[in-house]
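A.B. asks: got a predicted model here, sequence first, then my questions.
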Amino acid sequence: MTASFSNLSLAEPLARAVADMGYEQMTPIQAQAIPVVLTGRDVMGAAQTGTGKTAAFSLPLLQRLLKHENTSTSPARHPVRALVLLPTRELADQVAQQVKLYAKHTNLRSTVVFGGIDMKPQTAELKRGVEILVATPGRLLDHIEAKNAVLNQVEYVVLDEADRMLDIGFLPDLQRILSYLPKQRTTLLFSATFSPEIKRLANSYLKDPVVVEVSRPNATASTVEQHFYSVSDDDKRRAVKQIVRQRGISQAFVFVNSKLGCARLARSLERDGLKATAMHGDKSQDERLKSLAAFKAGEVDLLVATDVAARGLDIKDVPAVFNFDVPFNAEDYVHRIGRTGRAGASGLAVTLVSNSDARLVADLEKLLKKKIDLEAIEWDDERPRGRINDGRRTWRDRGETGDERDAMDSQRERTRAPRRDEPPRYAPAQAPADPFFAQPYEPPAEDVQPAWEGDKKAAPSKVSSNIKSAKRKVAALFKTPQ
Ligand code: AMP
C-alpha cells in the first residue's frame, strides 16, 4: 500500500520542501510514523537507514515546531526545541543536511555539532539560536559543559540509530544528556533492532510509545546475488582484485572488521593500483568527508570501511559489496549487503570466508535461515597461493582463533574509551590529527598486542562474552518486539 504526502496536510513550507525533493509517495516507515509523531506520542521505531526514517521523524517534528515559529532574530527567541542524537559524525552530518532541506522554506533554524572538528564555529551557531540541534553525544556534552547549549526548552528528542549508540558505549552520555531535558517532552527512538538493551532504554525514557516497524533485518533483498568464497587470509586481497576485474565492477564497498585492517587493506589495494580509500573511526572528520565525496563523485572505486563508520552513510545502489571479513555480528551482514541491489536494481555481495570463520558462518546461516554453500575461486593466473592457516601469525602463535581475534578488534572498534591521544572530554577540542593514520603504515608493537595485554588470564572470558553478546543480538532479531 502506498500513501501520498498530500494526505498528510503538511504545512505549506514543508509540503513545498517535500515536492522540491521529488518525493511522491511516503515510504512505509513514513506512512506509519508521521501520523503518530504528529499527535505528539512517543515512538519506538524499528527501521534501518535507507528506509526514509529521517523524513519520518523530521517532517512531523518541523510541523509541530512551526506552530510556534519565531521570525525574530534574537537568539533568545530561538531556543533548542528539538534534539536529534546520532552515533557518528557522518550520520549527524547527513541527518542535519536533510533537516535543513526539509526546513528550508521555514524560519526554523537548525545546526549540527559533532566531535573531531573545532568547537568555535559550532559555538557561534549555537549562540545565534537554533530550534533543531543535531548532535553526537560526546560533543554535545562538551557544549553543554561550556554552556553553549541549553536544553531546558527541548520539546522533542530523537534517539536515532539507538542500537549503534549503545554498541559504541554512549549509554552514560545519553543518560546524562537526557537528564538535562524537561520531563514533559516527546521522545522518539529509532533502532535497527529491538535488543533487550534497547527495550530497557525505551522503558526508562519513553512514555507509552507507539511501536512502528517496517522490516525485519533478517532478510536480504532477493535482488542481491550472494556468493561466499572459501579463501585463505593471504589470498583475500587478490580475490577482491580478481572479482572486481572479472565482473567489471565499477564501485564497491569493502567491509572489514577492524580499523587497523581497514587502513591496511585500503593501502594495499592502492598499492595494487586500485582506487581505494579507507573510512574508519580513527580518520579525521575532514578525511572522512573527503573520502565520502570522492566515492560519491566516482573518483574512488573501493570504499574500504568498518561497520561503525559505514552505517547509515547516504550512499545508495553501490554495484557490489565485499565482506573482506565475515562480520562478527550476523545482523551486520544484512546491513552491509543492504547497500547493493536497492530499489529493484541488481547487486552483488561477495563474502570471503577463511578457515577460521566457521562459527561466524554458522551464525549467519541461523540468521538467514539457509545453508551457505562455499564456492572455490577459480584463479585466473597460476601464481602461488598464500598459505592456508599457516600458523605463523603472532596471534595464532598465542593460540587464539581468527574469530576470537576479530572479536577483539570488533570490541576495540565498538568501545569508545577515549584514546590516549584524544583531547580530554570536556576540554575545548581542536581536531587532533591522528599521528598513526597520518603516516605510512608501520605496525607499532602495541597494535598487534591483544586488548587485554597485561591481563592475559582475563582474555578468554572477555572474548567469550563478546561472542555471547553477539549471539544475544542475533537471537533478539527473531523475537517479536513488544
Ligand atoms: P534515510 O533512511 O532517512 O537515510 O533516507 C534515505 C534516502 O531516502 C534519503 O536520500 C532520502 O532523501 C530518501 N527519501 C526519504 N523519503 C523518501 C520518499 N518518500 N521518497 C523518495 N525518497 C525518499
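C.D. replies: Right, received. Where do you want to start? Residues are numbered from 1 along each chain as shown.

A.B. asks: what about the stretch 1-150 of the chain, any weak spots by pLDDT?
C.D. replies: Where the stretch 1-150 of the chain drops to pLDDT under 70, the residues are 1-2.

A.B. asks: show me which residues of it are close to the ligand?
C.D. replies: 23, 26, 27, 30, 49, 50, 51, 52, 53, 54, 55 (C-beta under 6 Å from any ligand atom). From N, CA and C alone the C-beta is placed, and that goes for glycine too.

A.B. asks: among those, which one is most surrounded by other residues?
C.D. replies: Counting neighbours by other C-beta atoms under 10 Å, the top entry in these is residue 54, with 29 neighbours.

A.B. asks: can you classify residue 176 by secondary structure?
C.D. replies: Put simply, residue 176 is helix when judged by DSSP: H, G, I helix; E, B strand; the rest coil.

A.B. asks: name the residues that touch the helix or strand hosting residue 240?
C.D. replies: Using DSSP states H and E, residue 240 falls within helix 236-247. Under the contact criterion C-beta atoms under 8 Å, 6 or more residues apart in numbering, helix 236-247 has outside partners 229, 231, 249, 252, 254, 265, 268-269, 272, 274, 301-302, 320, 322, 324, 348, 350, 352, 354, 377, 379-380, 386.

A.B. asks: count the residues that sit near the nearest residue to residue 36 once chain neighbours are set aside.
C.D. replies: Closest residue in space to residue 36, ignoring its immediate chain neighbours: residue 210 at 4.7 Å, by C-beta to C-beta, 6 or more residues apart in numbering. A count of nearby residues for residue 210, using other C-beta under 10 Å, gives 17.

A.B. asks: who's residue 210 bridged to?
C.D. replies: Note on residue 210: beta-bridge partners by DSSP bridges are residue 43.

A.B. asks: and the gap between it and residue 193?
C.D. replies: 18 Å (C-beta to C-beta, to the nearest Å).

A.B. asks: where do the domain boundaries of this protein fall?
C.D. replies: Domain assignment for the chain, taken from automatic domain parsing, gives 5-213, 224-379.

A.B. asks: tell me if stretch 189-207 is near the ligand.
C.D. replies: No: Stretch 189-207 stays clear of the ligand (C-beta under 6 Å from any ligand atom), getting no nearer than 9.5 Å.

A.B. asks: list the buried ones in that stretch?
C.D. replies: Across stretch 189-207, burial judged by 16 or more other C-beta atoms under 10 Å covers 189-195, 197-199, 201-202, 205-206.

A.B. asks: end to end, how far does that stretch reach?
C.D. replies: This stretch, stretch 189-207, spans 11 Å end to end (C-alpha to C-alpha, to the nearest Å).

A.B. asks: the residue nearest to residue 36 contacts residue 44, doesn't it?
C.D. replies: Yes: contact criterion C-beta atoms under 8 Å: residue 210 and residue 44 qualify, at 7.4 Å.

A.B. asks: ok so, going back, so what's the residue nearest to residue 36 up against?
C.D. replies: Shown in contact with residue 210 (C-beta under 8 Å, 6+ apart): 36, 41, 42, 43, 44.
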